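>>> Below are the sequence and a predicted model for it; my questions follow.
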Protein chains: 2
Amino acid sequence: MPDVKLPFSRDEYAERLAKVRTAMEKAGIEVLFVSDPSNMAWLTGYDGWSFYVHQGVIVGPTGEPIFWGRAMDAKGAMRTCYMAEENIHGYSDDYVMAADSHAMEDLAETLGEQGWNRLRLGVEMENYYYSARAHSVLTKHHEGEIEDATGLVNWQRGVKSTTELKYMRRASRIVEKMHSAIYELMRPGLRKNELVAEIYRTGLMGGEDEEGSFGGDYPAIVPLLPTGKDASAAHLTWDDAELEPGQATFFEIAGCYRHYHAPLCRTIHLGTPPLDMIRAEEVVLEGIADGIEAARAGNTAGDIARAFYAVLEKHGVKREGRCGYPIGLSYPPDWGERTMSIRPSDTSVLVPDMTFHFMPALWMDDWGLEITETIRITEDGPAECLADVPRKLFIKEDT
Amino acid sequence: MPDVKLPFSRDEYAERLAKVRTAMEKAGIEVLFVSDPSNMAWLTGYDGWSFYVHQGVIVGPTGEPIFWGRAMDAKGAMRTCYMAEENIHGYSDDYVMAADSHAMEDLAETLGEQGWNRLRLGVEMENYYYSARAHSVLTKHHEGEIEDATGLVNWQRGVKSTTELKYMRRASRIVEKMHSAIYELMRPGLRKNELVAEIYRTGLMGGEDEEGSFGGDYPAIVPLLPTGKDASAAHLTWDDAELEPGQATFFEIAGCYRHYHAPLCRTIHLGTPPLDMIRAEEVVLEGIADGIEAARAGNTAGDIARAFYAVLEKHGVKREGRCGYPIGLSYPPDWGERTMSIRPSDTSVLVPDMTFHFMPALWMDDWGLEITETIRITEDGPAECLADVPRKLFIKEDT
């Protein structure tokens, strides 16, 4: 048993593995190749910035999961995973950026060495980092059938354990500090990159809880903080321009502890906001309150969205699309869990200790307004907001 | 012509497009779908953290490139790309995280609307964010042949323009400041997350050149800073443990300006290093010097690697694999350009204004040593190091 400091108990990893094997059985999958880095970490503890080369965790019919990756990253697996050394497999660097060979040939061989080359293999066809070419090569070399198992592991991650919730509460302490720092610093003339420097610094310095102080980790998405008309777009980052008075900037950020996220967005207007933005704030706040009321065990993800959209409709505000998604452990490029969606058509039933980013942002023609919450479904009653940041459009008058 | 502040002149974008069309013709590709975010940015200016949903740039036989992405990101394209509004296409949010439909259906329709549905289509099968499922759906809906065009655009990016080099020099000023801050702060008892907080802060605050001050951007890889035995692995990030005396930490970081990178690694030992590490330093420094001597226009990428490996062999140090790659514009998860490799088998001819991260790190059984340089191939003579950081194993005696 390797001497590795794991973020979770070995029992918790064993439970996770058992849940995945049950789901595999249900799906008729005999061996599973997991390439989503958050699924890999959730199953084994693996933690490294190596998802830019082919790698994954193999879950066979029996035994420990197998880490499979580049030889230099197998060394990282030895430092971060719970599995025994014989279950950590490194492939040659010759496969990296090679035109005439592909790492998936090595994966097929590795499956063969385990006697799994004719088994029904599940792969994550719609997760990041499992490329079209990887699939094409693996299909040529694996003798058994290959099935799409996208989301199979992700769906097991929906309900959070006690330790996972502890990590998300720590992430929530961090995001509270980040928003305090932002409000403190915001002023006309400040360069946006300077503001981002403090957002990162604050997020990484971490926070405190009853067990002491803890450090921050990198979120799966960088801070998004578009200003003025740029905030009509959802995913712009920053430049080194100075902030100007008379404009709103939204801050889409997350606190992060051991790769567990607490995303939370707020918007700050420098100077007095226009009337339509203040009206929008009122509508969004009412919609969030109604959404949180509907976010109860036994209801569906769609119920949250319907409650929110009912308020918007009542006030004649037009908006479409998703307004939230499950969250927890994640690696770039997305902090969403990629299973349920908070949108009217989603029939997923809410269960206690599911966690979501309830994200009913408004992107209008000339500005954007993001006020969001990280919520936990409780045993009874409305959802709990994990972070405590005043829920409003912040206004900072010219100083 | 939209009123957008572009990082490059419209002429430069026109030249890039022409180069890509020439390469397409050579490869027999009539229409190209580019999903690599760095290729998208290089071709159009597009800049947003939206690569976690399907998106891309379509280069047809004639006309401007077309941005194709989620509707909310089409708004971001309007704020960052040079193309006219009619060449920015947004698809419905219903395609996002939908089990029964796929955004690639919309892409096939979009190609059809242009009259390109029977053309020979190139796709990047081995780039990030073009998933196996995306390829499977597109293959069903596109009537023409589909060919693998991985790297087609990347190969056009190898030789840097004057403006690109200006951005990389700015990134180099930033990485110099980052290493100064690290050396200043390193001490036993410092928590690693606190150190990362300052690395980020310094990188984002930016630097100065003859034109004034400029801000930093997010690098495509987060800081890697494993300590002691953890540094035997290549890609570990950080935790909140305190630094201990008697151990080495390597810092694999990059300065970044407008998504252009200057990666540069150094290693710091707290206290007197062991003799084998000091010997390794000598060998690596000699190998780097010889590699830089060999990094000349007309030589090959393989020549750099051979010069380096000859020194290692002479001193009996074992190492395998790549020791560098081209760099420039990039988005997560990799700052490499994904074309050439600095390894003995690479026959790519070096051309002036190509830029590489020459990365001959040593990952030994119990420690790691990273001393690297960002280099530019010059007209005549050995490569130029873009950043000026003392090239050595840093030692910080206990204070």
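Structure received. Numbering: from 1, shown residues only, chains lettered A, B, ... in the order given.

>>> In the stretch 251-399 of chain A, which residue sits nearest chain B?
residue A:321 (3.3 Å; Cβ to the nearest Cβ). (C-beta placed from N, C-alpha, C; glycine too.)

>>> how much space between that residue and residue B:36?
26 Å (Cβ to Cβ, to the nearest Å).

>>> Who has more neighbours out of those two?
residue B:36 (26 against 17; other Cβ atoms under 10 Å in any protein chain shown).

>>> Mind pulling the model confidence for the more buried one?
Per-residue confidence (pLDDT) for residue B:36: 98.

>>> What residues does it make contact with?
B:124, B:127, B:128, B:129, B:153, B:154 (Cβ atoms under 8 Å, 6 or more residues apart in numbering or on different chains).

>>> how does it look with 7 Å?
B:124, B:127, B:128 (Cβ atoms under 7 Å, 6 or more residues apart in numbering or on different chains).

>>> doesn't residue A:253 make contact with residue A:171?
No: Residue A:171 is beyond contact range of residue A:253, at 11.0 Å (criterion: Cβ atoms under 7 Å).

>>> what about the two, which has more around it?
residue A:171 (33 against 27).

>>> Which secondary structure state does the more buried one sit in?
Of the three states, residue A:171 takes helix under DSSP: H, G, I helix; E, B strand; the rest coil.

>>> Can you give me the distance of it to residue B:311?
With Cβ to Cβ as the criterion, residue A:171 and residue B:311 are 46 Å apart.

>>> Same check on residue A:286?
Distance from residue A:286 to residue B:311, by Cβ to Cβ: 70 Å.

>>> Those two: who's more crowded?
The neighbour count for residue A:286 versus residue B:311, taken as other Cβ under 10 Å, is higher for residue B:311 (20 against 16).

>>> That one is in contact with residue B:283, isn't it?
Yes: Residue B:311 is within contact range of residue B:283, at 6.4 Å (criterion: Cβ under 7 Å).

>>> that older thread, so the residue of the stretch 251-399 of chain A closest to chain B versus residue B:313, what's the distance?
Taken as Cβ to Cβ, the span from residue A:321 to residue B:313 is 59 Å.

>>> Between the contacts of residue B:36, identify the one with the most neighbours.
residue B:124 (27 neighbours).

>>> Next, the spatially most central residue of chain A: phi, psi?
Central residue of chain A (Cα atoms, centre = their mean): residue A:335, 1.9 Å from the mean position. The phi/psi pair for residue A:335 (degrees, to the nearest 10) reads phi -100, psi 0.

>>> Number of residues surrounding the closest residue to it other than its chain neighbours?
Nearest non-adjacent residue to residue A:335, counting by Cβ to Cβ, 6 or more residues apart in numbering or on different chains: residue A:220, 4.1 Å away. By the criterion of other Cβ under 10 Å, residue A:220 has 24 neighbours.

>>> got it, and residue A:66?
25.

>>> What separation is there between it and residue A:43?
Taking Cβ to Cβ, one finds residue A:66 at 11 Å from residue A:43.

>>> Determine the residues that are contacts of both of these two.
Joint contacts of residue A:66 and residue A:43 (Cβ under 7 Å, 6+ apart) are residue A:57.

>>> from what I can see residue A:369 touches residue A:277, true?
Yes: Residue A:369 lies in contact with residue A:277 (Cβ under 7 Å); the separation is 6.3 Å.

>>> Next one, pLDDT for residue A:330 please.
pLDDT, residue A:330: 98.

>>> contacting residues around it?
Applying Cβ under 7 Å, 6+ apart, we find residue A:330 in contact with A:38, A:220, A:259, A:261.

>>> If we use 6 Å, what do you get?
Residue A:330 makes contact with A:38, A:220, A:261, according to Cβ atoms under 6 Å, 6 or more residues apart in numbering or on different chains.

>>> just residue A:45 next, same as before
With Cβ under 6 Å, 6+ apart, residue A:45 has these contacts: A:6, A:80, A:81, A:82.

>>> can you check residue A:134 too?
A:54, A:104.

>>> what mean pLDDT does stretch A:218-233 have?
Rounded mean pLDDT across stretch A:218-233 is 96.

>>> I meant to write stretch A:54-73 there.
97.

>>> and that stretch, how far out from the chain's middle?
22 Å (Cα atoms, centre = their mean, to the nearest Å).

>>> Verify the stated contact: residue A:308 with residue A:287.
Yes: Residue A:308 is within contact range of residue A:287, at 4.3 Å (criterion: Cβ atoms under 6 Å).

>>> Poorly predicted segments of chain A, please.
A:1-2, A:399 (pLDDT under 70).

>>> what ranges do the helices span in it?
For chain A, the helices defined by DSSP state H cover A:10-27, A:37-44, A:71-80, A:103-113, A:132-141, A:152-156, A:162-185, A:192-205, A:275-294, A:301-314.

>>> Export these as JSON lines, with columns for distance to residue B:58.
Formatted as JSON lines, those follow (distance: least, Cβ to Cβ, whole Å):
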{"stretch": "helix A:10-27", "distance to residue B:58": "35"}
{"stretch": "helix A:37-44", "distance to residue B:58": "29"}
{"stretch": "helix A:71-80", "distance to residue B:58": "35"}
{"stretch": "helix A:103-113", "distance to residue B:58": "28"}
{"stretch": "helix A:132-141", "distance to residue B:58": "17"}
{"stretch": "helix A:152-156", "distance to residue B:58": "30"}
{"stretch": "helix A:162-185", "distance to residue B:58": "38"}
{"stretch": "helix A:192-205", "distance to residue B:58": "31"}
{"stretch": "helix A:275-294", "distance to residue B:58": "35"}
{"stretch": "helix A:301-314", "distance to residue B:58": "32"}
